[in-house]
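Undergrad: next come a sequence and a model predicted from it.
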Amino acid sequence: RKEVEQDPGPFNVPEGATVAFNCTYSNSASQSFFWYRQDCRKEPKLLMSVYSSGNEDGRFTAQLNRASQYISLLIRDSKLSDSATYLCVASGNTPLVFGKGTRLSVIA
Amino acid sequence: EAGVTQFPSHSVIEKGQTVTLRCDPISGHDNLYWYRRVMGKEIKFLLHFVKESKQDESGMPNNRFLAERTGGTYSTLKVQPAELEDSGVYFCASSRTGGFNEQFFGPGTRLTVL
């Protein structure tokens, strides 16, 4: 079983749509959680950290459910520029453990 | 503030040759990490430096890989001798000590072993 599992997609959505990504992690000792965004042939860029109480940053909302070992990312009012691969990340002490990513294409 | 930089951006070498990758972390970041993504797989951790000391090298695939961070500033990752399966993108990341372990990535070095 993969340590961090994500639906690979692709998710093809029209501009303005709301899209949700889900992710599960297997290591119950994980302490820190993140969503990274990766554009084609670029480095992962930190999108947001995921806090236990859930957190929001503009159009993006992240949720964490420790009991179910489940992380989610909600993107509202999708823009063309949101097209990318979204990487779910869990972390114990320091190494980040990445999922394979979910590809999003926002279509005009 | 300058981000993490890596050199070279691309390297194409033949099996058996040696390659050295370099990473310059964000100034003031004591933590430096190496990760690798091989085609079709997720990004995987290789090792972690705190200043000049190796904190965790559990992800290093074998003894053909040697990482150093002399002086606690930039780091090098040497692959000697390179094998076909070493092809992939090697990312370096850095973070501050403490906090929420937010790591910032460099642009990566795309290594192709022929």
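TA: In hand now; what should we look at?

Undergrad: CA atoms for contacts and neighbours, from now on please.
TA: Will do.

Undergrad: who's in contact with the residue nearest the centre of chain B?
TA: The centre of chain B sits closest to residue B:34, judged by CA atoms, centre = their mean, with a distance of 3.2 Å. For residue B:34, the contacting residues are B:45-48, B:90-93, by CA atoms under 8 Å, 6 or more residues apart in numbering or on different chains.

Undergrad: any idea whether it is helix, strand or coil?
TA: Counting by DSSP: H, G, I helix; E, B strand; the rest coil, the backbone at residue B:34 sits in strand.

Undergrad: and it, bridged to which residues?
TA: residue B:47, residue B:92 (DSSP bridges).

Undergrad: by proximity to chain B, which residue of chain A wins?
TA: Closest contact between chain A and chain B, by CA to the nearest CA, is at residue A:100 (4.4 Å).

Undergrad: which one is that residue nearest to, not counting chain neighbours?
TA: Distances taken as CA to CA, 6 or more residues apart in numbering or on different chains put residue B:42 closest to residue A:100, at 4.4 Å, once the chain neighbours are dropped.

Undergrad: where do the helices sit along the chain?
TA: Picked chain A for this. Applying DSSP state H to chain A gives no helices.

Undergrad: shaky segments in it?
TA: A:1 (pLDDT under 70).

Undergrad: interface residues of it facing chain B?
TA: Neighbours of chain B within chain A, by CA under 8 Å from any CA of the partner chain: A:32, A:42-46, A:49, A:94-101.

Undergrad: if you set the cut-off to 6 Å instead, what comes out?
TA: Selection of chain A residues close to chain B by CA under 6 Å from any CA of the partner chain yields A:43, A:98-100.

Undergrad: redo those as CSV? Include distance to residue B:17 and neighbour count.
TA: Converted to CSV, those look like this (distance: CA to CA, whole Å; neighbours: other CA atoms under 10 Å in any protein chain shown):
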residue, distance to residue B:17, neighbour count
A:43, 26, 21
A:98, 30, 25
A:99, 31, 26
A:100, 30, 22
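
Undergrad: just flag the most distant two among the residues you listed.
TA: A:43 and A:99 (14.7 Å; CA to CA).

Undergrad: tell me, how many residues neighbour the residue in chain B that chain A sits nearest to?
TA: Per CA to the nearest CA, residue B:42 is where chain B lies closest to chain A, at 4.4 Å. With neighbours defined by other CA atoms under 10 Å in any protein chain shown, the count for residue B:42 comes to 17.

Undergrad: same check on residue B:78?
TA: Applying other CA under 10 Å, we find 17 residues neighbouring residue B:78.
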